[in-house]
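> A structural model of the following input is requested.
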Amino acid sequence: MPKPHKPVSPLEAHLGYWLRYVSNQVSHAFGQKLAARDVTVAEWVVMREAYDSDAVVPSALADRLGMTRGAISKLADRLIAKGLLIRKSGGSDRRFQTLALTGEGRALVPRLSVLADRNDEEFFGHLTPALRATIEAEMKTIVQRHGLKAVPVD
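Below you'll find the model as predicted:
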């Protein structure tokens, strides 16, 4: 005699469904704002990370963002082609390279940051500061508990 089947839960019964639902909308809206400035979300992430230093080693950037070195190299190439990033060789060892924002790239980051802030406000501005802090703390707890490393860029 077959075992009775447990009822199949609806999609909406899963917290992951709602997190993804909101995340997709937030990311899409931010991506559109950035696209108006000819920058992708992944490029923004690299630029924002490079903003805090004069030069960054691509392998360290890859580790920090949880990306492959190849992905960082492709993003760097795109940003270099746009005139927003430069690649510098390290003296006598041409294999050692660093990445740095150009003047144009450095000037663009604060403007893009305003778009990120505006996007956050559009989606989460209705939350009380206490609720927002609670949600953020719980998301960080999940990230830590599961050892998540890759920075969301899509």
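
> Contacts made by stretch 19-39 with the rest, please.
Counting contacts by C-beta atoms under 8 Å, 6 or more residues apart in numbering, the residues outside stretch 19-39 that touch it are 40-41, 43-44, 47, 82, 84, 108, 111-112, 115-116, 118-120, 122-123, 152, 154. All C-beta spots, glycine's among them, are computed from the backbone N, C-alpha and C.

> Go ahead and build a ChimeraX selection from the buried members of the residues you listed.
With 16 or more other C-beta atoms under 10 Å as the burial test, the buried ones among the contacts of stretch 19-39 are selected in ChimeraX as follows:
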select :40,41,43,44,47,84,108,112,115,119
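
> and the contacts of stretch 19-39, which of them are in helices?
Applying DSSP state H to the contacts of stretch 19-39, the entries found in helices are 41, 43-44, 47, 108, 111-112, 115-116, 118-120, 122-123.

> so which two of the residues you listed are the farthest from each other?
Greatest spacing in the ones in helices among the contacts of stretch 19-39, by C-beta to C-beta: L108 and F123 (22.9 Å).
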